[in-house]
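Engineer: for reference, the sequence and a predicted model appear below.
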Amino acid sequence: MCSSNKGRVLLLLLVLACLNSSPNHEAEAINILSIVIHNNLPSGSQFYFTSDLVKDKYFLQPGQTFGKLANFEARDCTMVYNYVCAKLFLYDPKTDSGHNKVFWSVRKDGIYRSWDDSNWEKKTGWDSTC
């Protein structure tokens, strides 16, 4: 095979490999932050949060999940569960740097963070004032 044909074949194989790439790898390659909040509170609980990610109070029913794509800036948040609350950073460059996905689980005993949606670390409990 002549060298120009070898080059064309290699180029064709490269194009096919790119077309078959996973969308997850493409999202990671463009460096976008994904923030996810799971409401794991008991049925009948009242929960909302405020953040620069949403315009007003965002009410999330038990069992529901909120997700948002954002840039890598500090993202503060106030969460309110019935009559208690908590303040935290949904994304903190000091502690979350190197992770492009941050998951939150809102529970009766507090708020948990994960970077893989399966291994959870309790970050804060609830307070009577915020």
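Structural biologist: Yes, it's here. Numbering: from 1, shown residues only.

Engineer: what's the pLDDT at N31?
Structural biologist: Note for N31: predicted pLDDT of 79.

Engineer: buried ones in stretch 121-130?
Structural biologist: Under the neighbour-count criterion of 16 or more other C-beta atoms under 10 Å, stretch 121-130 has W126 buried. No exception for glycine: its C-beta is placed from N, CA and C like everyone else's.

Engineer: for it, what is the distance to the chain centroid?
Structural biologist: Averaging C-alpha coordinates over stretch 121-130 and over its chain gives two centres that are 19 Å apart (C-alpha atoms, centre = their mean, to the nearest Å).

Engineer: domains of the chain?
Structural biologist: The domain map for the chain lists 1-30, 32-124, with the assignment taken from automatic domain parsing.

Engineer: going by mean pLDDT, which of those domains comes out lowest?
Structural biologist: Of all the domains of the chain, mean pLDDT reaches its minimum on domain 1-30 (a mean of 52).

Engineer: next, format the domains of the chain as TSV and append distance to C130.
Structural biologist: Converted to TSV, the domains of the chain look like this (distance: least, C-beta to C-beta, whole Å):
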stretch	distance to C130
domain 1-30	33
domain 32-124	4
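
Engineer: need the winner for burial among the ones you listed.
Structural biologist: For the domains of the chain, average neighbour numbers computed from mean count of other C-beta atoms under 10 Å are highest in domain 32-124, which has a mean of 15.

Engineer: got the end-to-end distance for that one?
Structural biologist: Its first and final residues considered, domain 32-124 spans 26 Å by C-alpha to C-alpha, to the nearest Å.

Engineer: now swap in stretch 104-111 and tell me
Structural biologist: Taking C-alpha to C-alpha as the measure, stretch 104-111 stretches 7 Å from start to finish.

Engineer: over to stretch 39-56?
Structural biologist: Here the two ends of stretch 39-56 are set 18 Å apart, with distance taken as C-alpha to C-alpha.
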